[in-house]
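Asker: Compute the structure for the input listed below.
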Amino acid sequence: MIHAARGTGKTNLALAIAYAVASGSELMGWRPLKARKVLYLDGEMLAAPMQERLAGIVKTATATPEPRMLQIITPDFQPGGMPDIATIGGQVSLNEAIPEGTELIIVDSLSSLARGEGRENDAESWLPIAQWTLGQRVLGRSILFLHHSGKNGAQRGTSKREDLLDSVLALRKPADGQHTPHARFEIHVEKSRSLSALGPMLVEMMPQPDGGSTWAWKPLDETNVERIRKMSEDGMSKREIAEELKIARSTVYRILARAGKQ
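Answerer: Coordinates of the predicted model:
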């Protein structure tokens, strides 16, 4: 799961992931072992803006997916509406539409494609989706859920969802307070069975003169060093610094130790 507040940039990131997986190309230092067939289910955005975003990726891409390796389903081309994966009927309808050979399904987002889930905080309402997800796993498919964050910054709704997930990534607005017209966010790993070595990152989608876009990223520690030093010099405690920057206290200790201010 990738969760974030509205407008943070999770769809931009998910579409970049979809393109990288479908083309077998690199993204932020990661590369699939080979190209995989991807199905992108978008329950919120119409086809035209999705095509516009995809065109921006294509302009700066180093590889192109083979035909039908990346397929996108949007609500404006579905006469009966998007399937509801929280219902048996919706799951059956979706299963029939999944192209043969699909290995990654991106669900964007849970709130728009799991409408029958009922109350988000009700753990029982998650069970039908969990069962569908496990069924896809048996078929050799991976699922990437996009979801909204709550006011407390955690994924919205029941935490029961996370029991099934291999990884949970949170996109957060940068602690430095800088605002840009394009996507710019921090990536934090909240749960992982395979990404334990991935530390917090600052990521920015960089618009290019030709209308395309590229991604810039660096470890969050590098962006926080000077701020942590300044806060410490101003008399803030390590706990206060960690709370202000929304990072682990151990990170503050490590950076100050390197700077000789432990």
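Asker: The stretch 1-150 of the chain: strands as residue ranges?
Answerer: Listed in chain order, the strands found in the stretch 1-150 of the chain under DSSP state E, counting those that start in this stretch are 2-4, 37-42, 70-73, 102-108, 142-148.
Asker: could these go into JSON lines alongside mean pLDDT and mean neighbour count?
Answerer: Using the backbone N, CA and C atoms, a C-beta is placed for each residue, glycine as well. Listed next are the strands of the stretch 1-150 of the chain as JSON lines, based on pLDDT from 0 to 100; neighbours: other Cβ atoms under 10 Å:
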{"stretch": "strand 2-4", "mean pLDDT": "97", "mean neighbour count": "25"}
{"stretch": "strand 37-42", "mean pLDDT": "98", "mean neighbour count": "23"}
{"stretch": "strand 70-73", "mean pLDDT": "97", "mean neighbour count": "19"}
{"stretch": "strand 102-108", "mean pLDDT": "98", "mean neighbour count": "22"}
{"stretch": "strand 142-148", "mean pLDDT": "97", "mean neighbour count": "21"}
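Asker: thinking residue 39 is in contact with residue 107, fair?
Answerer: No - using Cβ atoms under 8 Å, residue 39 makes no contact with residue 107, being 9.5 Å away.
Asker: Break this protein down into its structural domains.
Answerer: Using automatic domain parsing, the domain ranges for the chain come out as 2-165, 225-258.
Asker: Pull the residues that contact stretch 192-204.
Answerer: With contacts defined as Cβ atoms under 8 Å, 6 or more residues apart in numbering, stretch 192-204 is touched by 13, 28, 166-168, 174, 180, 182-189, 215-223, 247.
Asker: bridging residues for residue 108?
Answerer: Taking DSSP bridges as the rule, residue 108 bridges to residue 42, residue 146.
Asker: so it sits right up against residue 14, yeah?
Answerer: Yes - counting by Cβ under 8 Å, residue 108 touches residue 14, with 5.8 Å between them.
Asker: Deepest-packed of the domains of the chain, please.
Answerer: Burial of these is given as mean neighbour count (mean count of other Cβ atoms under 10 Å); domain 2-165 ranks first at a mean of 17.
Asker: mind checking how far the longest strand along the chain is from the chain centre?
Answerer: Longest strand of the chain, by residue count under DSSP state E: strand 184-192. Here the centre of strand 184-192 is set off from its chain's centre by 8 Å, with Cα atoms, centre = their mean, to the nearest Å.
Asker: got it, and stretch 176-189?
Answerer: That offset, for stretch 176-189, works out to 13 Å (Cα atoms, centre = their mean).
Asker: residues in contact with that stretch?
Answerer: Contacts of stretch 176-189 (Cβ under 8 Å, 6+ apart): 4, 8-9, 12-13, 167-175, 195-196, 198-207, 213, 220, 223, 227.
Asker: can you tell me which of those residues are in helices?
Answerer: The members of those that map onto helices under DSSP state H are 12, 13, 220, 223, 227.
Asker: Just flag the most distant two among those.
Answerer: Across the ones in helices among the contacts of stretch 176-189, the longest distance by Cβ to Cβ is 25.8 Å; it joins 12 and 227.
Asker: Throw the strands of the stretch 1-150 of the chain into JSON lines and include distance to residue 49, thanks.
Answerer: Formatted as JSON lines, those follow (distance: least, Cβ to Cβ, whole Å):
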{"stretch": "strand 2-4", "distance to residue 49": "18"}
{"stretch": "strand 37-42", "distance to residue 49": "10"}
{"stretch": "strand 70-73", "distance to residue 49": "11"}
{"stretch": "strand 102-108", "distance to residue 49": "13"}
{"stretch": "strand 142-148", "distance to residue 49": "16"}
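Asker: can you tell me which of those strands comes nearest to residue 259?
Answerer: Proximity to residue 259 (Cβ to Cβ) singles out strand 2-4 among the strands of the stretch 1-150 of the chain, at 31.2 Å.
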